[in-house]
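Q: kindly generate the corresponding structure for this input.
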Amino acid sequence: MGGNFMRGTGYLREGFRLIGQPGLRRFVIIPLLLNLLVFIALFAGLYHAFTLMIPAVMGWLPDWAWLQALDWLFWIIYGAVVVLAMAYGFVILANLIGSPFYGYLAEMTEKQLTGQALPDVGGWGQILADVPRALWREMQKIFYYLPRAVLLLLVSLIPVVNFPVAFLWFGFNSWMMALQYVDYPSDNHRESFGELKQFLRSTRLSAMGFGLPVAVGAMIPLVNLVVVPAAVCGATAYYVREKQYLEDRKVGRVGGRQL
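A: You can find the predicted model right below:
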């Protein structure tokens, strides 16, 4: 597998540093307010669903004393699954609403990192013009996510088997966080969704290293509000740097020296 896990974990830290830069701060405020509204609505809805789901699932279990005595464990496991589902559910809704802003934030971040602007940067007018394309791109990610998430969710409802599934959920969410956010700079370069997936597979360890702290941050209430824009900036740094690492490896350079 290509990439470097520890290098990947550093991109989110860089993203938090970047969102404080004067040229980028104003593109973070509006998405933050939208994220707050999404979080409140999603938390209320999932909390209500969770309180209804657990008693129903426990009612399906065989009437074995030892199994019924473990109901506290099932509450913890199902709670972990719901938290993980909420984490990416929040990301899906927040990014679906804020995708045009995040695409432009990624453009501005790349300009700050490389000193070169993308050809079609056009300010707020360009943001509005890109709304249909940005929404379609978000839908592609949802279509990729949903069948895999539904399969994991169904398996997680099976007692005993659901314990390892919680770890699979976490790994899958880490991968999806990398896919979700690196998509913004990739889309700005007009790369297809298939090209994005191929790029992440070629830097898989870096992708998992980046996605892991993003997934953790997305599960922490209030912190997840600022993780989203920080992840956009961090993913842009990921895109710029990992592309360069791949290019250097392709031509046989290490540390900037030709082999």
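Q: CA only for contacts and neighbour counts going forward, please
A: OK.
Q: quick one: stretch 23-36 to chain centroid distance?
A: 17 Å (Cα atoms, centre = their mean, to the nearest Å).
Q: can you show me the CA trace of that stretch as PDB?
A: This file holds the C-alpha atoms of stretch 23-36, laid out as PDB (Å, rounded to 0.1, in the frame of the first residue of the first chain):
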ATOM      1  CA  GLY A  23      -7.500  34.900   3.500                       C
ATOM      2  CA  LEU A  24      -9.500  31.800   4.400                       C
ATOM      3  CA  ARG A  25     -11.400  32.800   7.500                       C
ATOM      4  CA  ARG A  26     -14.400  34.400   5.700                       C
ATOM      5  CA  PHE A  27     -15.100  31.200   3.700                       C
ATOM      6  CA  VAL A  28     -15.500  29.300   7.000                       C
ATOM      7  CA  ILE A  29     -18.100  31.400   8.800                       C
ATOM      8  CA  ILE A  30     -21.100  30.700   6.600                       C
ATOM      9  CA  PRO A  31     -20.600  26.900   6.500                       C
ATOM     10  CA  LEU A  32     -20.000  26.900  10.300                       C
ATOM     11  CA  LEU A  33     -23.500  28.400  10.900                       C
ATOM     12  CA  LEU A  34     -25.100  25.900   8.500                       C
ATOM     13  CA  ASN A  35     -23.300  23.100  10.200                       C
ATOM     14  CA  LEU A  36     -24.700  24.200  13.600                       C
END
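Q: for the remainder of this discussion, apply numbering that starts at 55.
A: Right, with 55 as the first residue, what we last looked at is stretch 77-90.
Q: which residues sit against it?
A: The contact list for stretch 77-90, computed with Cα atoms under 8 Å, 6 or more residues apart in numbering, reads 72-73, 148, 151-152, 155-156, 158-159, 162-163, 279-280, 283.
Q: in this protein, where is pLDDT below threshold?
A: 55, 100, 104, 107-129, 131-143, 145, 172-185, 213-217, 307-313 (pLDDT under 70).
Q: nearest the middle, which residue of it would you pick?
A: Met231 (2.2 Å; Cα atoms, centre = their mean).
Q: neighbours around the residue nearest to that residue when sequence neighbours are not counted, how many?
A: Counting by Cα to Cα, 6 or more residues apart in numbering, Met231 lies nearest to Gly265, which is 4.9 Å off, once chain neighbours are set aside. A count of neighbours around Gly265, defined by other Cα atoms under 10 Å, yields 32.
Q: quick revisit: what two of the contacts of stretch 77-90 are the furthest from one another?
A: Leu72 and Ile151 (21.8 Å; Cα to Cα).
Q: tell me which of those two has more neighbours.
A: The neighbour count for Leu72 versus Ile151, taken as other Cα under 10 Å, is higher for Leu72 (22 against 19).
Q: contacts only, for that one.
A: Taking Cα under 8 Å, 6+ apart as the test, what Leu72 contacts is Leu78, Thr163, Ala284, Cys287, Gly288.
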